[in-house]
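*Asks:* Here's my sequence, what's the structure:
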Amino acid sequence: IFSVKNQYNIWLEIELAVLKVLKASNTIDVDLKCIKKPYSITEEEVTEKEKINNHEVVSFLETVWGKFPCLKKYLHFGLTSQDIMDTALFIQILQAGKITLNKLKRLTDLFREKAIEYKHIPILGRTHGRGAEPTSLGLRFLSFFSALQRESTFLKKALEECRVGKLSGTVGTYPVLSPEIEKRVLKQFNLSPEPVATQVIPRDRIAQLISSMAIISKELDRFAHFIRLSQIDGIDELHEPFKKGQTGSSAMPHKKNPIIAERISGLSRLISSFTIPSLENIPLWWERDISHSSVERIIIEDSFHILNYLIELTEKIVSDVVINTRNIENNLKGMNELYISQKLLSLLISKGMERETAYKLVQKYALVSHKEKISFLKLLLDDKQIKRIITSDELKKHLDIKGYLKNINNIYKRMGINEKNL
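*Replies:* Here you go, the predicted model:
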C-alpha cells in the first residue's frame, strides 16, 4: 500500500479521473484512447528524471508524458502537486486502515472468547503490585475486549476523518478547476472534498489518526505488561507461548523470557513517539510549507506497519497463552485470607463499631498476618472484641470467593455477553 509503485499508480488514477471528468464536462478536448491498461509507472523511471529536476511530481508527469504523449497537453490541468499527493496519501491511509481494522476486530473477538472461557477462574487482583481482593481471570480479558472495542471506534472515526481529498489548486481557491469538478472526481474514489483546504488538507486529520493508533498500541502494551508481570518468578500465573526448541537465554538454559510481550512494549513506544511530530505538523506557514512532508513519509507508514505487527504479536499470545491454574490458586491461598479485610471492615462498621476503630483493629491483625505469614482468620477468631459482635460463621462466610464475583454477570452483560450466550 505504501510502496512507491502503488503511490504512483494512484497518482495516475487521479490524474486520469480529472481528465475524464473535464472531457465529459466539455472543458477540454483530449483523446484518452492512447491509455491502455495495464499501465505502470516505476520508481526507477521517475527517480532518473528527479536527479535532474529535483521535483518528484514533475518527474512523474514527465514519465507519464513519455509513455502517453497524447496526455502531454492536458495532464495535470488546473492541478498543483499537493492536489494529487494529498489525495493519494489519504487513499493509501484508507487502504491501510481497512486492513488494520480487520485485524483489530479479529483480536478484539479473541479477547471476548477468552473472557468467556476464563470467566469463572478466580484470581488474585492486585493494586500497586500488591495483593488486593479476588477477581476473575476472564474479567481481565474482558477489560481488554472492552478497551479495544472502544479504541476501534476511535480509529474508525479517525479514518473517516481521512476520507477526504482536494483538487482546489495552489491555495485552495479553485482558480482553474471548479468545486463541482473536484466533487465528481473525488466521488470516484469514495472521498469527500476537504471543506476548507489551503494548498494542503489540514494536518489535524493525520494527527488524530496517529494518536488513535498510538492509543491502541499502548492498550496492547498494557496487555503485554499484564503478561510480563504474570510471568514473574513468584507469581508465575500466565505465560506467553514458548514453542518446542525455543531458547530463552544463551547462558541460562532454564530461562523462559516473555520476549514477545517485551517486543510489544518496546515497539509501542515508537508509535507513541510519532504523536508529537504529527501534532507539530498541524501549524504550517500560511497556506502551506513542506516541513510536514518528510515527517509524514516516515510516521504514517511506520505507524501502520508497527501497529499491524503488534496486533499480530498480541493475537499470538492471546491464542496460545499458558494458564498456570495451580499457581493462581496458590497465590490466592498465599494471602492467608487477607483479602477479606475490606469486607471485615464493613461488617464491623455495620455492627456498630466506629470506622476509625474498626480500621485500626483490622489493620493491626492484617499487618501481623502479613509479617508472620499466619492465618488472618485465626487472628480474628482469637480476638475477644471481634468475637463479641461477629460470629465465626460470619467471618468464614467472607472467605467464599463466589461472594467477590457475585456481580460479574452484570459486568459481562454491559458488554453484551449474557449467561445464555456462554
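
*Asks:* Pull out the buried positions in stretch 95-113.
*Replies:* Taking 16 or more other C-beta atoms under 10 Å as the basis for neighbour counts, the residues of stretch 95-113 that come out buried are 96-97, 100, 103-104, 107-108, 110-112. Where you see a C-beta, it was placed from the backbone N, CA and C, and this is true even at glycine.

*Asks:* Let me know the closest of the residues you listed to Leu377.
*Replies:* Ranked by distance to Leu377 (C-beta to C-beta), the buried residues of stretch 95-113 are led by Phe111 at 35.9 Å.

*Asks:* Does the closest one belong to a helix, a strand or coil?
*Replies:* Using DSSP: H, G, I helix; E, B strand; the rest coil, the three-state assignment for Phe111 comes out as helix.

*Asks:* oh, and call the first residue 49 from now on, that's how I've got it
*Replies:* Let's use 49 as the start, then, which means that last one is Phe159.

*Asks:* what's near enough to touch the closest residue to it other than its chain neighbours?
*Replies:* Once flanking residues are discounted, Phe159 sits nearest to Phe193: 3.9 Å by C-beta to C-beta, 6 or more residues apart in numbering. Contacts of Phe193 were listed using C-beta atoms under 8 Å, 6 or more residues apart in numbering, and they are 156, 159-160, 163, 463.

*Asks:* again with Glu165
*Replies:* Taking C-beta under 8 Å, 6+ apart as the criterion, Glu165 is in contact with Gly186.

*Asks:* Distance-wise, check it relative to Ser191.
*Replies:* Glu165 is 15 Å from Ser191, where distance means C-beta to C-beta, to the nearest Å.

*Asks:* follow-up on the earlier one: buried residues in the helix or strand where the residue nearest to Phe159 lies?
*Replies:* Element membership of Phe193 [criterion: DSSP states H and E] is helix 185-209. For helix 185-209, the neighbour count (16+ other C-beta under 10 Å) marks 185-197, 199-200, 202-203, 206-207 as buried.

*Asks:* Neighbouring strands - and their directions - for the next helix or strand after it?
*Replies:* Following helix 185-209 in sequence order, the next helix or strand is strand 212-213 (DSSP H and E). In the sheet, strand 212-213 lines up against strand 240-241 (parallel) (DSSP bridges).

*Asks:* distance between the strand it pairs with and the chain's centre?
*Replies:* 27 Å (C-alpha atoms, centre = their mean, to the nearest Å).

*Asks:* Strands along the protein, start to end?
*Replies:* Using DSSP state E, the strands of the chain run over 170-175, 178-184, 212-213, 240-241, 286-287, 370-371.

*Asks:* Need the residues that contact the helix or strand bottoming out on mean pLDDT in the chain.
*Replies:* Using mean pLDDT, DSSP states H and E, the weakest-scoring helix or strand in the chain turns out to be helix 440-445, at a mean of 84. Applying C-beta under 8 Å, 6+ apart, the set of residues contacting helix 440-445 from outside is 388, 392, 395, 425, 428-429, 434, 451.

*Asks:* Out of those, which is nearest to Ala136?
*Replies:* The closest of those to Ala136 turns out to be Gly451 (C-beta to C-beta; 59.8 Å).

*Asks:* Tell me, how many residues neighbour the closest one?
*Replies:* 13 (other C-beta atoms under 10 Å).

*Asks:* show me the contacts for it.
*Replies:* Applying C-beta under 8 Å, 6+ apart, we find Gly451 in contact with 391, 445.

*Asks:* pLDDT score for it?
*Replies:* Among the per-residue scores, Gly451 shows a pLDDT of 89.

*Asks:* swap in the one 5 residues further on?
*Replies:* If you check Ile456, the pLDDT there is 94.

*Asks:* That one and Gly186, how far apart?
*Replies:* Distance, Ile456 to Gly186, using C-beta to C-beta: 8 Å.

*Asks:* overlap in contacts of the two?
*Replies:* Lys167.

*Asks:* Find the residue closest to Trp113 in space, skipping its chain neighbours.
*Replies:* Residue nearest to Trp113 in three dimensions, not counting chain neighbours: Lys120, with 4.5 Å by C-beta to C-beta, 6+ apart.

*Asks:* any chance of the contacts of Phe193 in JSON lines, with distance to Ile229 and pLDDT too?
*Replies:* Formatted as JSON lines, the contacts of Phe193 follow (distance: C-beta to C-beta, whole Å; pLDDT from 0 to 100):
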{"residue": "Thr156", "distance to Ile229": "41", "pLDDT": "98"}
{"residue": "Phe159", "distance to Ile229": "47", "pLDDT": "98"}
{"residue": "Arg160", "distance to Ile229": "47", "pLDDT": "97"}
{"residue": "Ala163", "distance to Ile229": "51", "pLDDT": "97"}
{"residue": "Met463", "distance to Ile229": "48", "pLDDT": "95"}
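
*Asks:* Ends of stretch 204-215, what's the gap?
*Replies:* The stretch stretch 204-215 measures 25 Å between its terminal residues, going by C-alpha to C-alpha, to the nearest Å.

*Asks:* How about residues contacting that stretch?
*Replies:* For stretch 204-215, the external contacting residues (C-beta under 8 Å, 6+ apart) are 66, 126-127, 130-131, 134-135, 138-139, 141-142, 145, 149, 220, 225, 229-230, 233-234, 237-242, 245, 248-249, 253-254, 256-257, 259-261.

*Asks:* Now do that stretch, average pLDDT.
*Replies:* According to the model, stretch 204-215 has a mean pLDDT of 98.

*Asks:* quick one, what contacts His103?
*Replies:* When contacts are taken as C-beta under 8 Å, 6+ apart, His103 is in contact with Ser129.

*Asks:* Give me the phi and psi for it.
*Replies:* Summarising the backbone geometry of His103 under the convention degrees, to the nearest 10, its torsions are phi -140, psi 110.

*Asks:* Okay, Tyr460 and Ile229: tell me how far apart.
*Replies:* Using C-beta to C-beta, one gets 53 Å for the distance from Tyr460 to Ile229.

*Asks:* can I get the contacts of helix 440-445 in JSON lines with distance to Glu335?
*Replies:* Compiled in JSON lines, the contacts of helix 440-445 are given as follows (distance: C-beta to C-beta, whole Å):
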{"residue": "Ile388", "distance to Glu335": "67"}
{"residue": "Leu392", "distance to Glu335": "68"}
{"residue": "Leu395", "distance to Glu335": "70"}
{"residue": "Leu425", "distance to Glu335": "74"}
{"residue": "Leu428", "distance to Glu335": "74"}
{"residue": "Leu429", "distance to Glu335": "79"}
{"residue": "Ile434", "distance to Glu335": "76"}
{"residue": "Gly451", "distance to Glu335": "65"}
